[in-house]
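A.B. asks: pasting the structure only:
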């Protein structure tokens, strides 16, 4: 086999490969065996059909084609190794010359990892917002906690926004009752807008035992979009009573004895969340700065594959939710071109990040240990809700182990890079990456305990 490589661009090469006919004979013999095991020719057992009979009945051309298709991938792999080409994606193959007894000549165009001049990460500085939690955020958390422990008390007065009512509803269109359009003893928060348009407006001022009707447009069912008359009867009115904000409430809503201790814990929880957000922000800003300093080219076919993959995932999510792609585009007032443009931008950035991190990993000889790989498998299995061994077996069958290995390797590489990046807040104060990372891990631990 002879081969040459031609650089077409920073991210694409063309391999020209010539294979002597003699080197194709193993593939030719395999093609005869494959075809012989599939055809049924009277007088011969399957798999025992002589080559001459296959040539006569099936045709020598079909055998040659089978042999070439079987040989080409292995020849491409050999050429890639010979020229140390780091390929990405699938090659586009074109047979330029081939005849029975003649050499096979073909070209294979394929995207490759570009040569990247890596910037010194110590020269990269990123800025994030300060890690602070204001009092309003803590108050909001306390308010939310009080809402969870609120009770409902029946009152003898007209309903107002924020009250809860028990109501009966019945819908009719053109005087005829809508099938399935009635409901009894429905609990509803006045002003929430969770039921029919116009309902909250008529409920305000109604008391237990009051009835009325109003006009609205139905939003579901066979009469969706049609005007309907809705009759509503209020059975009861209840107001929400919030618990007193004192130490007793702290003991009711938490493991703390005092309200001050509860507020302090809520502040710490918020700080963990903010630190984790700053960690992600610092990571993203550092990657943007490194990409900008490096000008990483993204192979078009790899980006296109990523766009197709993301679009397919979107379609599957929509189908799972019972919506169509067309409905989504209409609801978002967007065109398919808009989606393609956005996906291309985000996919390009993702491919650039992968290429950059892989280049750093190669330059710094970063590898993944068995323990690190196993830990990631266990983590992903837990998220998927399956046993780790079952998840690992699925990986082996799908051949996706290399993808996870690459993800873990890039994660290690990114951590090493971020150790060198200068991270400051907008006040000019240096932020410790170790503190941010510890806070993020602490947050994950708390989330796990809360889930348990």
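C.D. replies: Thanks, I have the structure now. Keep in mind the model is a prediction, meaning the values are calculated, not measured.
A.B. asks: so which helix or strand takes in residue 256?
C.D. replies: Remark: residue 256 resides in no helix or strand, with elements defined by DSSP states H and E.
A.B. asks: Test my guess that it contacts residue 248.
C.D. replies: No - no contact is recorded between residue 256 and residue 248 when judged using C-beta atoms under 8 Å, the distance being 11.5 Å. (Glycine included, C-beta is placed from N, CA and C.)
A.B. asks: residue ranges of the helices in the stretch 301-450 of the chain, please?
C.D. replies: Secondary structure of the stretch 301-450 of the chain by DSSP state H, counting those that start in this stretch: the helices cover 325-332, 336-363, 370-384, 388-398, 401-418, 433-451.
A.B. asks: closest to residue 284 out of those?
C.D. replies: When the helices of the stretch 301-450 of the chain are ranked by proximity to residue 284, the top entry is helix 336-363, at 9.6 Å, counting by C-beta to C-beta.
A.B. asks: now the angle from that closest one to helix 401-418?
C.D. replies: Comparing the axes of helix 336-363 and helix 401-418 via axes from the mean of the first three to the mean of the last three C-alpha atoms, to 10 degrees yields an angle of 70 degrees.
A.B. asks: chain center to helix 336-363: distance?
C.D. replies: Shown here is helix 336-363, whose average C-alpha point lies 14 Å from the average C-alpha point of the whole chain (C-alpha atoms, centre = their mean, to the nearest Å).
A.B. asks: And stretch 257-269, by the same measure?
C.D. replies: When distances are taken as C-alpha atoms, centre = their mean, stretch 257-269 is centred 35 Å away from the chain's centroid.
A.B. asks: likewise stretch 320-331?
C.D. replies: Average the C-alpha atoms of stretch 320-331, do the same for its chain, and the two points are 18 Å apart (C-alpha atoms, centre = their mean).
A.B. asks: Report the buried residues of stretch 199-208.
C.D. replies: Applying a neighbour-count criterion of 16 or more other C-beta atoms under 10 Å, one finds 199, 200, 202, 203, 206, 208 buried in stretch 199-208.
A.B. asks: Reformat those residues as TSV; add secondary structure and distance to residue 399.
C.D. replies: Shown next, in TSV, are the buried residues of stretch 199-208 (DSSP: H, G, I helix; E, B strand; the rest coil; distance: C-beta to C-beta, whole Å):
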residue	secondary structure	distance to residue 399
199	helix	55
200	helix	56
202	helix	61
203	helix	59
206	coil	64
208	coil	66
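A.B. asks: out of those residues, who's nearest residue 360?
C.D. replies: Residue 360 has its nearest neighbour among these in residue 200, at 56.8 Å by C-beta to C-beta.
A.B. asks: can you pull the contacts of the closest one?
C.D. replies: Residues in contact with residue 200, defined by C-beta atoms under 8 Å, 6 or more residues apart in numbering, are 161, 190, 191, 192, 193.
A.B. asks: Now for residue 36, how many residues are close by?
C.D. replies: Residue 36 sits with 21 neighbouring residues when counted by other C-beta atoms under 10 Å.
A.B. asks: Please disregard the earlier target; I meant residue 82.
C.D. replies: Applying the criterion other C-beta under 10 Å, we find 15 residues in the vicinity of residue 82.
A.B. asks: is it true that it touches residue 2?
C.D. replies: No - Residue 82 lies out of contact with residue 2 (C-beta under 8 Å); the separation is 9.7 Å.
A.B. asks: Mind jotting down where the strands sit in this structure?
C.D. replies: In the chain, the strands defined using DSSP state E lie at 2-9, 12-19, 87-97, 104-112, 125-128, 151-154, 164-173, 176-189, 211-217, 227-241, 422-425.
A.B. asks: For residue 404, which of those is the nearest?
C.D. replies: Using C-beta to C-beta as the criterion, the shortest distance between residue 404 and the strands of the chain is 17.8 Å, found for strand 87-97.
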